[in-house]
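Q: got a sequence here, can you build the structure:
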Amino acid sequence: MRILRSRLSLASVVLLPSQVRLHVAVLLFALLTVSAKITAQTVTDLVTFDNTNFLGNPATTPTQARDGNLYGTIYGSGYPGSVFEFSTAGASKVIYALSDPLGYNPAASLTMGTDGNFYGATQNGGSSNWGVLFRVTPGGTYTVLHNFTGGTDGGGPEAAPIQAADGNIYGVTFGGCCVASTVYKYTLRSAVFSTIYTYDNAHGMWATSLMQGSDANLYATAEEGGINDNGTIIKLNTSGKLLSYYAFPGAKYGSIPLRSLVEAPDGNYYGTTEMGGAGPGYGTIFRMTPTGGVRVIYTFCKQLGLCADGFEPSSLALASDGNLYGTTAGGGANSFGTLFRITTSGTFTSLYSFGAAVGETPTGLMQDTNGLLYGSAVYGSTYGYGAIYSLDMGLGPFVTFVRPTGRVGQTAQILGQGLTGTTSVTFNGVPATSFTVVSDTYMTAVVPSGAVTGPVVVTTPTGALTSNVSFRISK
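A: Residues are numbered from 1 along each chain as shown. Now for the predicted structure:
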């Protein structure tokens, strides 16, 4: 509609020849300026899949590990799926090929724990065919931690488990016919699995994501249920007590929140809905305040047939420039999905339209400590079985944490690039008196006395690297 209004406005104004030349020059300059802004990034296929050797149709967001490589899961196209590793140079290999009865079809991304291992879940397989919670080492040693039964423990998990500040693993199960969604806890030290919350339709059904906020509470989304049957967000403590919930109204206010929330430096939470919004209802981006107030800050595809910005958005990634980045499953110039950036105030920029050459149907993004963002495209690319791609926005390297919270005297685990030869580590300006460089991409530092919540700066031979998020000092 904005384009149509511009055309009507120009057509309704009568201009003299000299004014026409002036307005054309201004218009051309504006178009060139917009083009420069839109093309100021590079999208590159890093790994292309041909559906051999258990590699094809990646559908999850990669995870950075201590060794500097990225790890992910393959859902499986004609086979049970796999866990794979790839380098930022493009080399890839399968580290574990899944097989029943140890679980198959991993719909969830991996989470790296403080032990250096990865935690994930499969949607199917296991002793009851309701999926499993698993741990896999970077070397490929695979262990089933829990077989979901479809009973009080739920089943069919589609969301990545998380490691919370208490060191334990938490996650949600999707459920299914006659099986309620659940929130679960796996206590690593004692290897005990427990269900801490069971959904009812009033508070949501078909749970799709879980994250922990800086307030130490858990935030989960469910794609349906709630008073309006358009999906919900629930807030729990780690004991499973329901603290609050939000039911999506639907229509222009959004519905079907499939993806995880992300907490921004402003203290608010941001997320997406697959449907709803002004116009045809092809998805929204919303902001949720710490007190639970939700407001739509962007609507996709406001006019049917004009979906240049895309439709059906995925989860958001907070980048080191303070902006949020994401993808859409469809729409764009080639109808295969888009990449976009949005500020926390709601300023939206379309960055890239996917096509068969680079990939089709992109999923969520993550930012590596080299500054680039990485994601997967489920289909397309050279062989038609998807790809891993990178998005270069010109952002520099930084450091981040395996877990961004800890007490004074505890050890913080730091990921980065070029860490060899590090001379100092500061926690919001307070020097760490003890730190150890384990490798060029991984180090540890003891949280010093007097440290308060804030950025961590690591001084390397090539310069200072600042953390992309604050390290929270807990009591």
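Q: strands of the stretch 351-475 of the chain, residue ranges please.
A: For the stretch 351-475 of the chain, applying DSSP state E, counting those that start in this stretch gives strands covering 360-367, 373-379, 387-392, 400-401, 405-406, 411-415, 424-427, 430-431, 435-439, 442-446, 456-460, 463-466, 472-473.
Q: tell me which of those is the most buried.
A: Mean neighbours per residue, mean count of other C-beta atoms under 10 Å, is largest over the strands of the stretch 351-475 of the chain for strand 373-379, with a mean of 25. Any C-beta I mention is one placed from the backbone N, CA and C, and that applies to glycine too.
Q: show me the protein divided up by domain.
A: If you go by automatic domain parsing, the domain ranges for the chain are 42-392, 400-473.
Q: where does the protein have low pLDDT?
A: Across the chain, the ranges flagged by pLDDT under 70 are 1-40.
Q: if you set the cut-off to 50 instead, what comes out?
A: Along the chain, segments meeting pLDDT under 50 span 1-39.
Q: in TSV: the strands of the stretch 351-475 of the chain, plus distance to residue 126.
A: Formatted as TSV, those follow (distance: least, C-beta to C-beta, whole Å):
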stretch	distance to residue 126
strand 360-367	24
strand 373-379	24
strand 387-392	28
strand 400-401	32
strand 405-406	32
strand 411-415	30
strand 424-427	42
strand 430-431	47
strand 435-439	35
strand 442-446	32
strand 456-460	40
strand 463-466	42
strand 472-473	35
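Q: single out the most deeply packed of the domains of the chain.
A: It is domain 42-392: most buried of the domains of the chain by mean count of other C-beta under 10 Å, with a mean of 20.
Q: quick one, strands of the stretch 101-250 of the chain?
A: 111-112, 118-121, 132-136, 142-147, 162-163, 169-173, 182-187, 192-198, 205-212, 218-224, 232-236, 242-247.
Q: so for residue 387, which of the ones you listed sits nearest?
A: Nearest to residue 387, of all the strands of the stretch 101-250 of the chain, is strand 118-121, at 21.0 Å by C-beta to C-beta.
Q: could I have that closest one exported to PDB, CA atoms only?
A: Output of strand 118-121 as PDB, limited to C-alpha atoms (Å, rounded to 0.1, in the frame of the first residue of the first chain):
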ATOM      1  CA  PHE A 118      25.700 -31.000  23.400                       C
ATOM      2  CA  TYR A 119      22.100 -31.600  24.500                       C
ATOM      3  CA  GLY A 120      19.300 -32.300  22.200                       C
ATOM      4  CA  ALA A 121      16.000 -34.100  21.700                       C
END
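Q: give me the sheet partners of it and which way each runs.
A: strand 111-112 (antiparallel), strand 132-136 (antiparallel) (DSSP bridges).
Q: quick one: which of these is nearest residue 81?
A: Nearest to residue 81, of all the strands paired with strand 118-121, is strand 132-136, at 11.5 Å by C-beta to C-beta.
Q: so what touches the closest one?
A: Among residues not part of strand 132-136, those counted as contacts by C-beta atoms under 8 Å, 6 or more residues apart in numbering are 83, 95-96, 102-103, 110, 113, 117-122, 125-126, 142-148, 157, 161, 169, 171, 184, 186, 193.
Q: who touches residue 271 in this structure?
A: 221, 233, 257, 259, 260, 261, 262, 285, 286, 288, 315, 316.
Q: so which of the strands of the stretch 351-475 of the chain is nearest residue 292?
A: Nearest to residue 292, of those and by C-beta to C-beta, is strand 472-473 at 21.1 Å.
Q: which helices and strands does that closest one pack with?
A: Here strand 472-473 touches strand 405-406, going by 3 or more C-beta pairs under 8 Å, 6 or more residues apart in numbering; DSSP states H and E.
Q: thinking again about what came up before, closest one to residue 301 among the strands paired with strand 118-121?
A: strand 111-112 (31.9 Å).
Q: mind checking how far the closest one is from the chain centre?
A: Centroid separation for strand 111-112 versus its chain: 12 Å, with C-alpha atoms, centre = their mean, to the nearest Å.
Q: repeat that for stretch 90-103.
A: Distance of stretch 90-103 from the chain centroid (C-alpha atoms, centre = their mean) equals 22 Å.
Q: pull the residues that contact that stretch.
A: Contacts of stretch 90-103 (C-beta under 8 Å, 6+ apart): 46-47, 53-55, 71, 76, 79-86, 104-106, 121-122, 124-127, 129, 131-132, 134, 136, 138-140, 142, 144, 388.
Q: could I have the CA atoms of that stretch written out in PDB?
A: Taking C-alpha atoms only, stretch 90-103 is exported to PDB below (Å, rounded to 0.1, in the frame of the first residue of the first chain):
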ATOM      1  CA  GLY A  90      32.900 -25.000   4.900                       C
ATOM      2  CA  ALA A  91      34.200 -28.400   5.900                       C
ATOM      3  CA  SER A  92      31.500 -30.700   7.300                       C
ATOM      4  CA  LYS A  93      31.000 -34.200   8.600                       C
ATOM      5  CA  VAL A  94      28.500 -36.300  10.500                       C
ATOM      6  CA  ILE A  95      29.600 -37.100  14.100                       C
ATOM      7  CA  TYR A  96      26.600 -39.300  14.800                       C
ATOM      8  CA  ALA A  97      24.000 -41.000  12.700                       C
ATOM      9  CA  LEU A  98      20.700 -41.500  14.600                       C
ATOM     10  CA  SER A  99      18.900 -44.800  14.600                       C
ATOM     11  CA  ASP A 100      15.900 -46.300  16.300                       C
ATOM     12  CA  PRO A 101      15.500 -47.200  19.200                       C
ATOM     13  CA  LEU A 102      17.900 -44.500  20.300                       C
ATOM     14  CA  GLY A 103      15.700 -41.700  18.800                       C
END
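Q: follow-up on the earlier one: so can I have a markdown table of the strands paired with strand 118-121 showing distance to residue 339?
A: Below are the strands paired with strand 118-121 laid out as a markdown table (distance: least, C-beta to C-beta, whole Å):
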| stretch | distance to residue 339 |
| --- | --- |
| strand 111-112 | 24 |
| strand 132-136 | 29 |
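Q: what secondary structure does residue 252 sit in?
A: Using DSSP: H, G, I helix; E, B strand; the rest coil, the structure places residue 252 in helix.
Q: who touches it in this structure?
A: So residue 252 contacts 276, 277, 278, 281, 296, 299 (C-beta under 8 Å, 6+ apart).
Q: distance-wise, check it relative to residue 297.
A: Distance, residue 252 to residue 297, using C-beta to C-beta, to the nearest Å: 13 Å.
Q: ok, now residue 434?
A: From residue 434 to residue 297 the distance is 43 Å (C-beta to C-beta).
Q: which ones among the contacts of residue 252 map onto strands?
A: Mapping the contacts of residue 252 onto strands (DSSP state E) picks out 296, 299.
Q: which of the contacts of residue 252 sit farthest apart?
A: So, the contacts of residue 252 by C-beta to C-beta: farthest apart are 281 and 296, at 11.5 Å.
Q: quick one: contacts for residue 189?
A: By C-beta under 8 Å, 6+ apart, the contact set of residue 189 is residue 167.
Q: need phi/psi at it.
A: Backbone torsions for residue 189, taken as degrees, to the nearest 10, come to phi -60, psi -40.
Q: fine by me, we can end here.
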